[in-house]
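Colleague: Here's my sequence, what's the structure:
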Amino acid sequence: MSNDQLELVIRLGLGIVFGLSAGTKLRDPSAFARGVSEYRFFSSAVPRGLALGLIPAEATFAFCHLTGLGLAAVAPACVAVLAVFTVAVVAQLSSGHRVPCMCFDPGARELISGVTVARLVLLIGAELYVSVVALGAPVRGSFSLIDMSIAFALASVLLVSVRWALNVYYLAVLLRPVPRPPSESTSNPF
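Modeller: Just a heads-up that it's a prediction; the model follows:
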């Protein structure tokens, strides 16, 4: 795989992530705003404005990553947004607050954890790679439809694989055998 193809896979993967993130928040922007307010970094009016501004920003990030248009302009902003998210999550975890992640779930079923931090660090690394490539040379629009389809499929598989890898600990806990209570007698009556 060439550097251009690797950049395409990573760029499309980031586009998928930002698109899914914006799309899930669009379903219930009020729930997202309420979840952001639980981070308690700002006065009560600021989180709603930030939340409602973040949704179109993430949609724009998705569009730029998926198309390559304006990528050099938005890539540094993506790194900054992901870094702010990381600082916010680490601050909450270090203070003992277990707040909703709000990344892909405005219904707030997923709480922040070390997995959230790892996911954000991986996204920052991917975005930094794309930023360096995007700022170093213009995105070449010369990929064929087949190349784009393969890259999109690889990006999807990569995202699912990383998501599973980040949750291996939880999978191991689920698959661990349940200890049996000691029996009162060790002999078999039958």
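Colleague: got a pLDDT number for residue 189?
Modeller: Predicted confidence (pLDDT) at residue 189: the value is 54.
Colleague: nope, residue 57 is what I was after
Modeller: Looking at residue 57, its pLDDT is 94.
Colleague: Also residue 82?
Modeller: Model confidence at residue 82, expressed as pLDDT, equals 92.
Colleague: thinking it is in contact with residue 120, fair?
Modeller: Yes: the pair residue 82 and residue 120 passes the contact test of C-beta atoms under 8 Å, sitting 5.8 Å apart. Glycine gets a C-beta too; all of them are placed from N, C-alpha and C.
Colleague: who's more crowded, these two?
Modeller: Between residue 82 and residue 120, counting by other C-beta atoms under 10 Å, residue 82 is the more crowded of the two (24 against 21).
Colleague: What segments of the protein are strands?
Modeller: Taking DSSP state E as the criterion, the chain contains no strands.
Colleague: Just name the shakiest helix or strand of it by mean pLDDT.
Modeller: For the chain, counting by mean pLDDT, DSSP states H and E, helix 168-175 ranks last in confidence among helices and strands (a mean of 62).
Colleague: what ranges do the helices span in this structure?
Modeller: Assigned by DSSP state H, the chain shows helices spanning 3-27, 29-37, 45-67, 71-94, 114-136, 145-166, 168-175.
Colleague: if we compare these, which one ends up closest to residue 100?
Modeller: Counting by C-beta to C-beta, residue 100 lies closest to helix 29-37 out of the helices of the chain; the figure is 4.6 Å.
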